[in-house]
Structures are given as structure tokens and as C-alpha cells.
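*Asks:* no letters, just coordinates:
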């Protein structure tokens, strides 16, 4: 199933509702292991594949490649209630996420943002909620910090590396155990 028709020469992965794209670009000619996409005309699209133009910076914009775009997420009351669950857990979840990252961040920067990136469909009866870090970059690049919420909002799961659903409370307990082990290992390293 193609969600967005391929109309561009290159499209980056979506992040916080937007993806950069280019037309007429190509991989740079180099022997380096990591090549960049160069040339062409660049733009930004939303998750519907629509080209989006930059706007003036405001409280309700996000930055993409140095330009500002409207916040792409809009919610009804039910969805706001789902996100409220994660906001209530934010302090715990942020502590888990930032424990071994970004030791020089302020307390304000050590906060996760939660957004609904998928809504229930006939063959997928869940909301998918992703966590984003202080830069509004996907906190769960592979699988961590991605959650599923049942259509009625009563069952919450975390996704593991195999996309298996783990009940949220069980996942949280496992994450807390990992956090405590990490902290103990740091103390041992500092003592030695």
C-alpha cells in the first residue's frame, strides 16, 4: 500500500509531521562511506504529501532545517485525553529517556513531547503515540518510546524492538529496573 505517491527524487524520513524532499538532486560523488544528497530544489511536505511553505516563527511553529512550519498536530477531546496520560507520566518517562543522554541539558530541555502519529483504522485499532525530545526529534528512533493506545483509550502498550505490545505498566517497571542498573554501574565506575 502506497500512502504517499512517490513524486520526488528523494524524501527524508518524517519527523514531527514533516519530511524534507528534493527534486533534481543526487548522491554526492565521493568515496566516503556516508554520502549526502546534493543539488536540486528542496522543500518540505506534511504527512499528507502536501508541500508546506515556511511561516514566521511563533509559539505554535516547529523548526525544520532552520525554517519554521505550522505545528502539524491537531486533536479532538478524546485524543487530548489520551495525550494527557503521557503528560502525567512525563517526568518519569523523561528521566528514563535522558538518564544517559545530554547531561548538560537544563531541566526544561529534559522534557519529552508526545504526539499521535497514527489513528485507528479498520485493520489497526490503535492510536500510535510517539515521544519526541527537546529538539522535537523522534525519541524512539528504532522502537523505544513508541506507544499504542486502544481505540477506547483504556489499554496502553509500549512497542519493543519486534513491535510486540508490552502493557505500559510492565514496560515502565522494566525501564525502571534498567535505570537502576545503569545508575549502580555509574556509581561503581566513579568509585574505581
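*Replies:* The structure has been received and is ready for your questions. Computed from a predicted model, the values in this text were never measured in an experiment.

*Asks:* quick one, helices of this protein?
*Replies:* For the chain, applying DSSP state H gives helices covering 77-88, 90-98, 168-191.

*Asks:* do you know which of those helices lies nearest residue 25?
*Replies:* Residue 25 lies closest to helix 90-98 among those, at 33.6 Å (C-beta to C-beta). All C-beta atoms are positioned from the backbone trio N, CA, C, and that covers glycine.

*Asks:* and the angle from that closest one to helix 77-88?
*Replies:* Per axes from the mean of the first three to the mean of the last three C-alpha atoms, to 10 degrees, the angle that helix 90-98 makes with helix 77-88 is 60 degrees.

*Asks:* show me the residue sitting in the middle of the protein in space.
*Replies:* For the chain, the residue nearest the mean C-alpha position is residue 138 (2.5 Å; C-alpha atoms, centre = their mean).

*Asks:* so that one touches residue 19, yeah?
*Replies:* No: contact criterion C-beta atoms under 8 Å: residue 138 and residue 19 do not qualify, at 12.0 Å.

*Asks:* which non-adjacent residue is nearest residue 110?
*Replies:* Of all residues not flanking residue 110 in the chain, residue 98 sits nearest, at 4.7 Å (C-beta to C-beta, 6 or more residues apart in numbering).

*Asks:* can you give me the separation between the one you found and residue 158?
*Replies:* For residue 98, the distance to residue 158 (C-beta to C-beta, to the nearest Å) stands at 17 Å.

*Asks:* higher neighbour count, the two?
*Replies:* Set residue 98 next to residue 158 and count neighbours by other C-beta atoms under 10 Å: residue 158 wins out with 23 against 18.

*Asks:* sorry, back to before: list just the one of the helices of the chain that sits closest to residue 4.
*Replies:* Residue 4 sits nearest to helix 77-88 of all the helices of the chain, at 22.4 Å, using C-beta to C-beta.

*Asks:* identify each buried residue in the closest one, please.
*Replies:* Residues 79, 82-83, 86 are the ones in helix 77-88 that count as buried (16 or more other C-beta atoms under 10 Å).

*Asks:* let me know the closest of these to residue 150.
*Replies:* For the buried residues of helix 77-88, the nearest to residue 150 is residue 82 (9.7 Å; C-beta to C-beta).

*Asks:* surely that closest one meets residue 120?
*Replies:* No: applying C-beta under 8 Å, one finds residue 82 not in contact with residue 120, separated by 11.1 Å.

*Asks:* before we move on, the earlier item: how close does the residue nearest to the centre of the chain sit to residue 150?
*Replies:* 23 Å.

*Asks:* go on, residue 105?
*Replies:* From residue 105 to residue 150 the distance is 33 Å (C-beta to C-beta).

*Asks:* burial count for residue 121?
*Replies:* By other C-beta under 10 Å, the residues close to residue 121 number 9.

*Asks:* got a list of contacts for the helix or strand of the chain with the lowest mean pLDDT?
*Replies:* Lowest by mean pLDDT, DSSP states H and E among the helices and strands of the chain is helix 168-191, with a mean of 77. Where contact means C-beta atoms under 8 Å, 6 or more residues apart in numbering, the residues beyond helix 168-191 that reach it are 89, 92, 95-96, 99-100, 147, 156-158, 160, 166.
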